[in-house]
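Undergrad: can you look at this prediction? I've put the sequence above it.
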Amino acid sequence: MRSEAETGKIISIAPPAGGDATAADHMLDPELLRRNLVVGFASADSEDVHPFSVLRSQLLKHVRTTGSRVFAVMSVQPGNGKTHVAVNLAAALGRIHPTILVELDLRRPSIGQSLGLSPIRPGIDDCLGGSATLQESGMRIEGTQLTVHRVRTPKINPETLLSSGALAELTDAIRNAADRPICIIDTPPAVIHDDIMLIAPAVDGVIMVVEEARTSKRALVSTIRSLSPTPVIGAVLNRSISSPLQTSEYEYYHMSMAEPNST
Ligand SMILES: Nc1ncnc2c1ncn2[C@@H]1O[C@H](COP(=O)(O)OP(=O)(O)OP(=O)(O)O)[C@@H](O)[C@H]1O
Ligand SMILES: [Mg+2]
């Protein structure tokens, strides 16, 4: 028998106790964003946002060419910069296009804190568990087209939530949304093999964050193979030692997106 989480409640259930049924606009604190290196909301002429504007353009081209709109940001090891890239890319996209940022690192969530979002409102964990709707867990960021679904409470064993069928319902709901949003999903590191194996089939493509001099080629190839048939559509070389695109207070990035026909 299917559990509550499996029965199509993603879109349509009553608000959970203590939850706010309306997705009010959330104002972000610029000082907190600065401290947490969230630069993606800045205007395109800002030097700090440049790498994310480049990545945004490459992703928009991929979206236009393939029609794919649901992407996971992954990396082999912990700490390679997945959340940093996912949040900043989603922020940059949300300036010009309907965008949904979903946190699926259910074990060690950090997006709520990083953006200073309410710790009380329902989260994507509640949504996957069937006690909140997608609308209820979404927090719309004021002045942008970005909606964030952060995790409310860390989970020790998130496999049940990720394997319930609710994740596929969630990504289908996003694909079918009238405003055709682009969805960026933050994930746990690939060393948490079970979680990414459950997330990969639900997405259209993976953006792989690679840390120069830290991510081994062998581990990267093995991870990419294990994600198949979900394609890796691009790579972000974070903290690049060579070919710096920018310096300032941030460490170097080098970003590239594969041509759709080469994936
Ligand atoms: N290019 C960068 N420049 C400066 N700081 C960075 C950069 N990329 C990541 N960081 C910082 O490094 C730390 C780890 O990054 P982040 O949390 O994004 O990694 P992660 O891959 O999501 O880690 P985890 O696997 O634990 O979820 C954070 O404090 C982040 O702000
Ligand atoms: Mg992270």
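TA: All right, it came through fine. Ligands and ions are numbered 1, 2, ... in the order given.
Undergrad: make it CA atoms for all contacts and neighbour counts henceforth
TA: Noted.
Undergrad: tell me which stretches of the protein form helices.
TA: In order along the chain, the chain carries the following helices (DSSP state H): 30-35, 50-66, 82-94, 111-115, 124-129, 134-137, 159-162, 166-176, 193-199, 217-227.
Undergrad: list of residues touching the last one?
TA: With contacts defined as CA atoms under 8 Å, 6 or more residues apart in numbering, helix 217-227 is touched by 76, 190, 197, 200, 232.
Undergrad: for the third one, same thing?
TA: Contacts made with helix 82-94 from outside it, assessed by CA under 8 Å, 6+ apart, are listed as 37-42, 49, 52-53, 55-56, 73-75, 99-101, 110-111, 144-146, 183-187, 209.
Undergrad: and which of the contacts of helix 217-227 is nearest to residue 25?
TA: If you rank these by distance to residue 25 using CA to CA, residue 200 comes first, at 30.2 Å.
Undergrad: which residues does that closest one contact?
TA: Residue 200 makes contacts with 72, 206, 227, 230, as judged by CA under 8 Å, 6+ apart.
Undergrad: on that earlier part again, got JSON lines for the contacts of helix 217-227, with distance to residue 122 too?
TA: Putting the contacts of helix 217-227 into JSON lines (distance: CA to CA, whole Å) gives the following:
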{"residue": "76", "distance to residue 122": "29"}
{"residue": "190", "distance to residue 122": "27"}
{"residue": "197", "distance to residue 122": "25"}
{"residue": "200", "distance to residue 122": "24"}
{"residue": "232", "distance to residue 122": "31"}
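Undergrad: show me the residues you listed that map onto strands.
TA: Mapping the contacts of helix 217-227 onto strands (DSSP state E) picks out residue 232.
Undergrad: in the contacts of helix 217-227, which has the lowest confidence score?
TA: The lowest pLDDT within these belongs to residue 190, with 90.
Undergrad: residues contacting that one?
TA: By CA under 8 Å, 6+ apart, the contact list for residue 190 reads 74-78, 196, 223.
Undergrad: these: which ones sit near ligand 1?
TA: Applying CA under 6 Å from any ligand atom to the contacts of residue 190, one finds that residue 78 fall near ligand 1.
Undergrad: from the contacts of residue 190, pick the one nearest residue 171.
TA: Set against residue 171, the nearest of those by CA to CA is residue 196 (14.9 Å).
Undergrad: find the nearest non-adjacent residue to that closest one, please.
TA: Spatial nearest neighbour of residue 196, excluding adjacent residues (CA to CA, 6 or more residues apart in numbering): residue 190 at 6.2 Å.
Undergrad: swap in residue 42?
TA: Spatial nearest neighbour of residue 42, excluding adjacent residues (CA to CA, 6+ apart): residue 49 at 6.4 Å.
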